[in-house]
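1. What follows is a predicted protein model with its sequence.
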Amino acid sequence: MPLCPLGWSKDISDTPRVSSLRVDPKKSPSAFLMERLKSNGGEHVNPAYDSNLDEPPVYEEANGDHRTVRPSVISAFGHDTLDRLPNIDFYRNAGSVSGHRAVRPSLQELHEVFQKVSEYTVEDDGEGSDGTPSDDLESAVPTDKGAVKFGWIRGVLVRCMLNIWGVMLFIRLSWIFGQAGWGLGIVVIVLSCVVTTITGLSMSAICTNGVVRGGGAYYLISRSLGPEFGGSIGLIFAFANAVAVAMYVVGFAETVVELLKEHGAIMVDVINDIRIVGCITVVLLLAISVAGMEWEAKAQILLLIILLVAIVNVFVGTFIPVTTDKKSKGIFNYNSKIFLENFPPDFREGESFFSVFAIFFPAATGILAGANISGDLRDPQAAIPKGTLLAILITGVTYLGVALCVSATVVRDATGNITDIISAGVECTGPAAAACELGYNFSSCAVEKCDFGLINNNQVMTMVSGFGPLIIAGTFSATLSSALASLVSAPKVFQALCKDNIYTILHFFAKGYGKNNEPIRGYVLTFIISVAFILIGDLNMIAPIISNFFLASYALINFSCFHASYAKSPGWRPGYKYYNMWLSLLGALLCCVVMFVINWWAALLTYAIEILLYIYVKVKKPDVNWGSSTQAVTFVSAVSNALSLSGVEDHVKNFRPQILALTGSARTRPALLDLAHSFSKNYGLCLTCEVFVGPRSEALEEMNAGMEKNQLWLRKTKRKAFYAAVVCENFREGTESLLQASGLGRMKPNTLMIGFKRDWRTSSSESVQCHVGILHDAFDFEYGTVMLRMNEGLDVSHIVEELMQEQEIGVSVCGPPPPQVAKMNERLLEASAQFKKKQSKGTIDVWWLFDDGGLTLLLPYILTTRKKWKDSKLRIFIAGQPGRSELDKQEMKSLLQKFRINCTDINVIDDIHKLEDMIEPFRLHEDSKDRAAAEAMKKEQPWKITDEELGIFEEKTNLQVRLNELLQENSKSANLIIVSMPIARKESVSDFLYMAWLDILTKDLPPTLLIRGNHKSVLTFYS
């Protein structure tokens, strides 16, 4: 890059500037080899081998120790080579927590042996191998070695079982089987397990398709479907866990207050006592969580033991002989008649299968408890599938076992009155037949509501069990373990979301503390939310919303698995093979159906919140790239659409300008790019192209370095265009390559846009011949051609370079430019931004002098449909014949009406009546020489204008002069002028004469476009 801006001492050419790479002189290969021979005592050396790379890479561990890789990484087959054998360290991201990243030799190192031997170093470039930021995937700051990591049992299995075994097991399960009967009750449990199992299978596939970091469901969904889905579900999932803490704590507090009430120990009143007990409980749980994951895990183990003892207590109780008091309350030992009587459903009080299912299903929504702490697992890829699926199996069997045992020992209705005994010989019929045969008369329950039995009493499990207080302890354990799991899950998921900085306002909560990177700020926020809902929230109203939030997460996990499989991306290679994409899709649909079954308005609310968050993230466009399946499907769809489009022939009705703009670097000719973008907008193809001239070995590196930067700049400035570049020995050959090879199928450019070469009079003959030759090539390849001229010029590359230098160095290298140059630059920058802003009220003057297929008329019409140009009206100027101006005007008016193109005015020019100074330096003046001298001059300077040529094209030359006069007279105040471009016949009109025509035609005018279509119709009046 030059130190001072270009163009201060000479005119600026608006032909795309030739880019070249300046390299420092290097030692010749022979000199390099001689040095090697000397340093090795004259022994033979491999010139492609760099001894600096021979030492094993050193990896610095967290404790300061070092390790080396196996020797085979360094050489292949015992020979010293730059090529390295496959090794995991080449595939890590920068800053990987499990090992440092090594950088393999580049293709250039191996290919360009002598030039690159000593200048390449193997260093970590701070980015992932896929170009993603270094904080993605496993590339985080390595944690201390003392961090607590859990295996699959303590980390996943225990947590999932505790979360799934909720208060439902002890309080509501008997009611569910009383209402639905054990026949439909089994269906309820199995259907719930089917949904959770399919979700578990999908989650297993996703989490074995690469390294899993912290964030649980959010991490899995965001890395699969992208930040839009992940960001929306992550926020509501974290919120759902925070509110779930309040729900579980209130369940615990209600049980405690019931015990206080029984013993007459109420503190204030029932509601306030629940709030007091709830707040105290949350504080204690928060203390356990903040103390660290190790303490939290120990508490979970203790709660699991209590819960297991309580469950075993239920089974044991069913075998203990029952007392008369228990029999009066409908509890007996195992009896086939009771079991058969409880088989059919007996829905009461407006309940149905779906309402009963809606009440039970939230009990099955704890399967993400292990995945939510994925960052604290030793091997989440192995632990999450194994622990989650086994937890679903164990808890499902437990629910079925407890429910069936109770269904075989407890009748639906009982009075609790020990005197309701049936005398011998009475025939037993009706709904209470089983109790009747066992000697009890509960027939009165058919008339009035009884207080005991499966349907009527929520404490059935306590009465069935061998020791009642253990069931109360189990209830406490179930609620507290679920609350503790949610209290840990919410901050962990929220921290992962904040670390990705999808919602910039929440980045404050990304910070972690201690060796386990504990989200203390997230814990405090979760505590505040849970206390708020304990104090003021209507939990009966919130409960279905929370269940739907969890189900939305399950639905997206299933859809993620389906979507990744459907995209058939080569990167989708899950280690867990026991999944099916269609089963995952079925699971996603089932989750959506269950959401509406549980509560239709809560389902709609969940979808609405998720859609709003999705739109927010989509609009914000976070700067992340996780290789989501959404990208893969977009690619597949694009290829499919391009292929289907290639099978359809072009039709004039569907013609749209596909622009190939020779802008050079994307930012060097903003006016040309903005106008090209106005033509194509979001509806057509726009390529901004650059030709690097010079030896390929030198220019290729600069081109490759600029590809991503230019495309990124286009995206950031919201120009819907593609950047393309080629390296060539000659600028015209490079442009010819772009004209021939750009595009894909039908998606290829059909219109060339180029800037007018302002310095043609001071440029070399080769430069002018190249510029005009590009126009000839465009006509040969049947491109429509558009040339933009602005008095101030188009090229701002010298200003861009100066700004880039100032950004790199911090100060201006050359100091301020002279006042005159500064003023020129200011005018140039102002003109360059002209087409980016909204145009003032005015006109677009279209001088449609020659029929080129309609491109000269179509392009200005397209401009008027754009928001920036809506206040600019079309004025049409046409060439007419003397004496029939009015008739020509009517004919053009009729044609425009058929084309459905509105204009404010039609002007007919029928009077077309100094160029000598402009072309004088390029004239041959052969008529003043003898014949031999004239022929010799023609051979030496074939590009000069001959007297014969000037005479032949005198009329056309005068036409350009007269047209400029008319343009000055009629269109001086237009926002934009469109003029039909004159064509120079090859080998008849010299390049300098043609440039003189274009120059004199567009001289001293507002921004002017010279347009020439390819003489194929782009307009039609047929429907």
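-> That came through, no problem. Residues are numbered from 1 along each chain as shown.
2. can you map out the strands along the protein?
-> 59-60, 66-67, 659-662, 686-693, 722-728, 751-755, 784-789, 842-847, 872-879, 905-909, 976-980, 1008-1012 (DSSP state E).
3. if you skip the residues just before and after it, what's nearest to residue 560?
-> residue 224 (3.6 Å; CB to CB, 6 or more residues apart in numbering). Bear in mind the C-beta positions are built from the backbone N, C-alpha and C, glycine included.
4. Same question for residue 341.
-> residue 434 (4.3 Å).
5. Can you read off the pLDDT for the one you found?
-> The score at residue 434 is 76. That number is its pLDDT.
6. Relative to residue 221, how far out is residue 168?
-> Going from residue 168 to residue 221 by CB to CB, to the nearest Å gives 27 Å.
7. Turn the strands of the chain into JSON lines, including mean pLDDT, mean neighbour count and distance to residue 734.
-> Listed next are these as JSON lines, based on pLDDT from 0 to 100; neighbours: other CB atoms under 10 Å; distance: least, CB to CB, whole Å:
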{"stretch": "strand 59-60", "mean pLDDT": "38", "mean neighbour count": "14", "distance to residue 734": "45"}
{"stretch": "strand 66-67", "mean pLDDT": "40", "mean neighbour count": "10", "distance to residue 734": "49"}
{"stretch": "strand 659-662", "mean pLDDT": "93", "mean neighbour count": "27", "distance to residue 734": "10"}
{"stretch": "strand 686-693", "mean pLDDT": "91", "mean neighbour count": "25", "distance to residue 734": "3"}
{"stretch": "strand 722-728", "mean pLDDT": "91", "mean neighbour count": "20", "distance to residue 734": "3"}
{"stretch": "strand 751-755", "mean pLDDT": "93", "mean neighbour count": "26", "distance to residue 734": "13"}
{"stretch": "strand 784-789", "mean pLDDT": "93", "mean neighbour count": "25", "distance to residue 734": "17"}
{"stretch": "strand 842-847", "mean pLDDT": "92", "mean neighbour count": "24", "distance to residue 734": "32"}
{"stretch": "strand 872-879", "mean pLDDT": "90", "mean neighbour count": "21", "distance to residue 734": "35"}
{"stretch": "strand 905-909", "mean pLDDT": "87", "mean neighbour count": "17", "distance to residue 734": "39"}
{"stretch": "strand 976-980", "mean pLDDT": "92", "mean neighbour count": "25", "distance to residue 734": "28"}
{"stretch": "strand 1008-1012", "mean pLDDT": "93", "mean neighbour count": "24", "distance to residue 734": "22"}
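8. Now render those as CSV, adding distance to residue 576.
-> Putting the strands of the chain into CSV (distance: least, CB to CB, whole Å) gives the following:
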stretch, distance to residue 576
strand 59-60, 30
strand 66-67, 30
strand 659-662, 48
strand 686-693, 43
strand 722-728, 39
strand 751-755, 51
strand 784-789, 55
strand 842-847, 62
strand 872-879, 61
strand 905-909, 72
strand 976-980, 61
strand 1008-1012, 60
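9. Indicate which one of those is closest to residue 490.
-> For residue 490, the closest of the strands of the chain is strand 59-60, at 35.0 Å, according to CB to CB.
10. on that earlier part again, compare residue 168 and residue 221 and say which is more crowded by neighbours.
-> Comparing residue 168 with residue 221 by other CB atoms under 10 Å, the one with more neighbours is residue 221, at 28 against 19.
11. Would you check that the more buried one makes contact with residue 558?
-> No. Counting by CB atoms under 8 Å, residue 221 stays clear of residue 558, with 10.3 Å between them.
12. residues touching residue 663, list them.
-> Residue 663 is in contact with 16, 669, 672, 673, 676, 688, 689, 690, counting by CB atoms under 8 Å, 6 or more residues apart in numbering.
13. ok, 7 Å please
-> 16, 669, 672, 673, 688, 689 (CB atoms under 7 Å, 6 or more residues apart in numbering).
14. Do I have it right that the third one meets residue 660?
-> No. With contact defined as CB atoms under 7 Å, residue 672 does not reach residue 660; the gap is 11.6 Å.
15. what do the two both touch?
-> residue 753.
16. what about residue 351, how many residues close to it?
-> 17.
17. Ok, residue 697 next?
-> Residue 697, neighbours per other CB under 10 Å, totals 15.
18. What of residue 756?
-> Residue 756: 22 neighbours (other CB under 10 Å).
19. next one: phi and psi at it?
-> Dihedral pair for residue 756: phi -70, psi 140, per degrees, to the nearest 10.
20. Could you verify my assumption that it touches residue 789?
-> Yes. Here residue 756 reaches residue 789: they are 3.7 Å apart, a contact under CB under 7 Å.
21. any common contacting residues for the two?
-> Joint contacts of residue 756 and residue 789 (CB under 7 Å, 6+ apart) are residue 1002.
22. coming back round to it: who wins for proximity to residue 258 among the strands of the chain?
-> strand 59-60 (58.9 Å).
23. ranges for the helices of the stretch 751-900 of the chain?
-> For the stretch 751-900 of the chain, the helices defined by DSSP state H, counting those that start in this stretch cover 765-780, 797-809, 819-832, 855-864, 885-899.
24. can you tell me which of these the model trusts least?
-> Minimum mean pLDDT among those: helix 797-809, a mean of 69.
25. Show me where the stretch 51-200 of the chain dips below the pLDDT cut-off.
-> The stretch 51-200 of the chain contains residues with pLDDT under 70 at 51-82, 91, 93-100, 106-148.
26. do the same with the stretch 551-700 of the chain
-> Ranges of the stretch 551-700 of the chain meeting pLDDT under 70: none found.
27. check contacts around residue 858.
-> 1018, 1019.
28. And it, how far from residue 158?
-> Taking CB to CB, one finds residue 858 at 70 Å from residue 158.
29. One more: residue 589?
-> 31 Å.
30. and those two? which has more neighbours close in?
-> More crowded of residue 589 and residue 158, by other CB under 10 Å: residue 158, with 23 against 14.
31. how about residue 1020, phi and psi?
-> Torsion angles, degrees, to the nearest 10, at residue 1020: phi -150, psi 150.
32. that older thread, I'd like to know which of the strands of the chain lies nearest to residue 390.
-> Comparing the strands of the chain under CB to CB, the one sitting nearest is strand 66-67, at 35.1 Å.
33. Show the contacting residues for residue 325.
-> With contacts defined as CB under 7 Å, 6+ apart, residue 325 is in contact with residue 418.
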